[in-house]
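Chemist: predicted model and sequence below, questions to follow.
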Amino acid sequence: MVTLAGFFGGAPEAHASAPGRVNLLGEHTDYNDGFMLPVATPQRTEVALARSHDDHFHIYSATLDALVTFRRDGHAPQGFASYVEGCVRLLAGRGVEVPPLRIYLSTELPVGSGLSSSAALEVATLRALRALLAVELDDVALAQIAQRAEIEYARVNCGIMDQMAASLADQDHMLFIDARTLAHRRVPLPASSELIVIDSGVPRTLSGSKYNERRAECAEAARRLGLASLRDAADPGALEALPSPYRERARHVVHENLRVLEAVGGVPPERFGALMDASHASLRDDYAVSIGALDELAAALRGAAGVYGARLTGAGFGGACVALCRRGA
């Protein structure tokens, strides 16, 4: 593995970091203009950079011990460097002069665990570029650029939640996000509670999963209902007239939004845990994104003393589960 000092031949010119996120409620609602409640992880992704001495970008991942090099007018291959390239190109598209760079990446986040290592990478990269180039860029705009980088360069048609959480959340509060307006505020966790997150050991890659298929199914369900998005479905009973699988996909999104809105209003931990349990059942049965390993892990967590509720976190198809626990348990 190449060291930071060895890669730069000294100190970098700028560095920044960003956290991963654990989503407590509001899964697959962001690309439906809905509501979410993520919290930042203590684990972070670090990005250091400096101007390159040639006409190439040199992007090194210490986590993967892998180097990607491409010309200023070239493109990175699909993989970790494509997320970084997206951030660079989109900043340049806003009129920022971005020189060729040497970029050093490292992360404490387990890749493929559903804790949004990709958004942490994008946000940390943009923070480092903002510092190096003295770019005026607020944290919401930064999250929006990060989302576009993932969609346009990593080819994952993601919503905005992960990037908003990486840019704006902290470890001590839930971040309530309205995906339609990007209004957001920090709200406290349920009283006398804390979180535990456990990786199932089954890695997941969004681009290789059925994530994009689910998004298309939601768009079709909204179209059949005559709505701009499923956020606008005021009558849950109307969803039952939809054919399968649009009925089930819409039912999850509409009821998941209701769960977030109830939780953000302030509920005791026992009720919050029940909402998490209901969310997992909905993701398993209506949205069909859980797998056996996640179901078993969530059930094991629920059976442990001091646990109020548990669910898969992230897009599904693998990754991690999160549980709300009695503090100290």
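Modeler: Thanks, I have it. Residues are numbered from 1 along each chain as shown.

Chemist: how does this protein divide into domains?
Modeler: The chain is divided into the following domains under the TED database: 12-188, 193-326.

Chemist: redo these as a markdown table? Include distance to residue 4 and mean pLDDT.
Modeler: In this view, the C-beta of every residue, glycine as well, is placed from N, C-alpha and C. Listed next are these as a markdown table, based on distance: least, CB to CB, whole Å; pLDDT from 0 to 100:
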| stretch | distance to residue 4 | mean pLDDT |
| --- | --- | --- |
| domain 12-188 | 6 | 96 |
| domain 193-326 | 27 | 94 |
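
Chemist: return the most buried member of those.
Modeler: Mean neighbour count (mean count of other CB atoms under 10 Å) peaks for domain 12-188 among the domains of the chain, with a mean of 21.

Chemist: on that earlier part again, to residue 2, which of the domains of the chain lies closest?
Modeler: In terms of CB to CB, the element of these nearest to residue 2 is domain 12-188, at 5.9 Å.

Chemist: just the terminal-to-terminal distance for the closest one.
Modeler: 37 Å (CA to CA, to the nearest Å).

Chemist: how far does it sit from its chain's centre?
Modeler: Chain-centre distance of domain 12-188: 10 Å, with CA atoms, centre = their mean, to the nearest Å.

Chemist: what's the closest non-adjacent residue to residue 159?
Modeler: residue 30 (2.9 Å; CB to CB, 6 or more residues apart in numbering).

Chemist: who are the neighbours in contact with that neighbour?
Modeler: Contacts for residue 30 (CB atoms under 8 Å, 6 or more residues apart in numbering) come out as 36, 158-161, 177, 179.

Chemist: surely residue 315 meets residue 113?
Modeler: No - contact criterion CB atoms under 8 Å: residue 315 and residue 113 do not qualify, at 11.3 Å.

Chemist: who touches both of these two?
Modeler: Shared contacts of residue 315 and residue 113, defined by CB under 8 Å, 6+ apart, comprise residue 204.

Chemist: quick one, phi psi at the residue nearest to residue 159?
Modeler: phi -70, psi -40 (degrees, to the nearest 10).

Chemist: next: residue 41.
Modeler: phi -90, psi 160.

Chemist: quick one: residues contacting it.
Modeler: Per CB under 8 Å, 6+ apart, neighbours of residue 41: 19-22, 109, 115, 171, 197.

Chemist: that one and residue 255, how far apart?
Modeler: As for residue 41, its distance to residue 255 is 26 Å (criterion: CB to CB, to the nearest Å).

Chemist: the helix ranked longest in the chain packs against which elements?
Modeler: In the chain, with assignment by DSSP state H, the single longest helix is helix 246-264. Here helix 246-264 touches strand 14-25, strand 35-51, strand 173-178, helix 211-225, helix 269-285, going by 3 or more CB pairs under 8 Å, 6 or more residues apart in numbering; DSSP states H and E.

Chemist: out of the ones you listed, which gets nearest to residue 190?
Modeler: When these are compared by CB to CB, helix 269-285 sits nearest residue 190, at 3.9 Å.

Chemist: now the element after that closest one, going C-ward?
Modeler: For helix 269-285, the following helix or strand on the C-terminal side (DSSP states H and E) is helix 292-302.

Chemist: who are the packing partners of that following helix?
Modeler: Going by 3+ CB pairs under 8 Å, 6+ apart, helix 292-302 lies up against strand 193-199, helix 269-285, strand 307-313, strand 320-326.

Chemist: how about residues contacting that helix?
Modeler: Under CB under 8 Å, 6+ apart, the answer for helix 292-302 is 196, 198, 200-202, 277, 280, 284, 307, 309-312, 316, 318-319, 321, 323.

Chemist: how about the helices and strands packed on helix 292-302, which one is nearest residue 93?
Modeler: Taking those one by one with CB to CB, strand 307-313 is closest: 32.6 Å.

Chemist: tell me what angle the closest one forms with strand 35-51.
Modeler: On the basis of axes from the mean of the first three to the mean of the last three CA atoms, to 10 degrees, strand 307-313 is oriented at 60 degrees to strand 35-51.

Chemist: neighbouring strands - and their directions - for strand 307-313?
Modeler: Sheet pairing for strand 307-313, assigned by DSSP bridges, gives strand 320-326 (antiparallel).

Chemist: now the strand it pairs with: how far from the chain's centre is it?
Modeler: Distance, centroid of strand 320-326 to centroid of chain: 17 Å (CA atoms, centre = their mean).

Chemist: and that strand with helix 292-302, angle?
Modeler: Using the same axes, to 10 degrees: strand 320-326 against helix 292-302 is 10 degrees.

Chemist: show me where the stretch 51-200 of the chain has its strands.
Modeler: 56-61, 66-71, 101-107, 173-178, 184-188, 193-199 (DSSP state E, counting those that start in this stretch).

Chemist: fine by me, we can end here.
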